[in-house]
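S.K.: sharing a sequence plus its predicted fold:
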Amino acid sequence: MVFYFKARPDVGDYTIFIGLDKHENEELIKYGFPQDVWFHVDKMSSAHVYVRLQIGQTYEDISEGLLEDCVQLVKANSIQGNKMNNIDVVYTPWFNLKKAPTMDVGQVGFHNSKMVRTVRVENRLNEVVNRLNKTKVERKPDLKAERETVDASERAEKKARLKEKKKREEMERLDREKQSELKSYKGLMVSAKMTSNKQVASTTKSLQELEEDFM
């Protein structure tokens, strides 16, 4: 089971979601999308919270309003963190999550610690948490199938782009050849405009004639 929430409308159309338990979290880790961003209370137990960004966006594009929704939902879904003030929430892109065979179910690490951001959450904002809970929807998605559909779409799009690129390169090649051919034609000597040595001799004055003209 996965719980889905809608972020505040003024930040855009974003979905925030949480796995029911650590086993569901394993599936979310395994079949996440490249544009997913993962949130968790630092050094405490909490739910694994994700937000799905728009294609082309990165975790650095998260607005303050969207970030507040995410961290408040993390805090509210942490037994320890929900009771405390001034806790830290960490977040990082989904693809930065590292899962080693020796790790427990639901446990994760990071490929690159420099891609992990930390935000301080001073206290729980009930108005934010209550608003999010009103949008809560429970679903049991086939995460593997969803990821496979996205992968298939990306492969088809990549194939189409590659095909278009090859077509464009071929047209550019043909155009270059045409321009080169036209240039070579212009440099050719046309027989109709050629002048023979006899013609030159007949139209050129002798040295004596030139001297007489000068005199």
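M.R.: Great, that's in hand.

S.K.: mean confidence score for the biggest helix by length in the chain?
M.R.: In terms of residue count, the longest helix belonging to the chain (DSSP state H) is helix 143-187. Taken as a whole, helix 143-187 has an average pLDDT of 81.

S.K.: could you give the separation of it from the chain centroid?
M.R.: 20 Å (Cα atoms, centre = their mean, to the nearest Å).

S.K.: distance of the most centrally placed residue in the chain relative to V119?
M.R.: Nearest to the mean C-alpha position of the chain, by Cα atoms, centre = their mean, lies G56 at 3.6 Å. When distance is defined by Cβ to Cβ, to the nearest Å, G56 is 23 Å away from V119. Bear in mind the C-beta positions are built from the backbone N, C-alpha and C, glycine included.

S.K.: now swap in K43 and tell me
M.R.: Taken as Cβ to Cβ, the span from K43 to V119 is 14 Å.

S.K.: those two: which is more packed in?
M.R.: Per other Cβ atoms under 10 Å, whichever of K43 and V119 has more neighbours is V119, with 17 against 11.

S.K.: so the more buried one: helix, strand or coil?
M.R.: Here V119 is strand, with the state taken from DSSP: H, G, I helix; E, B strand; the rest coil.

S.K.: list the beta-bridge partners for it.
M.R.: V89 (DSSP bridges).

S.K.: which residues of this structure fall in strands?
M.R.: All strands of the chain, identified by DSSP state E, fall at 2-6, 15-19, 36-41, 49-52, 87-93, 97-98, 109-110, 117-121, 137-139.

S.K.: can I get the ones you listed in CSV including distance to N25 and mean pLDDT?
M.R.: Converted to CSV, those look like this (distance: least, Cβ to Cβ, whole Å; pLDDT from 0 to 100):
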stretch, distance to N25, mean pLDDT
strand 2-6, 10, 96
strand 15-19, 4, 96
strand 36-41, 10, 97
strand 49-52, 10, 97
strand 87-93, 15, 97
strand 97-98, 10, 95
strand 109-110, 14, 95
strand 117-121, 20, 97
strand 137-139, 16, 94
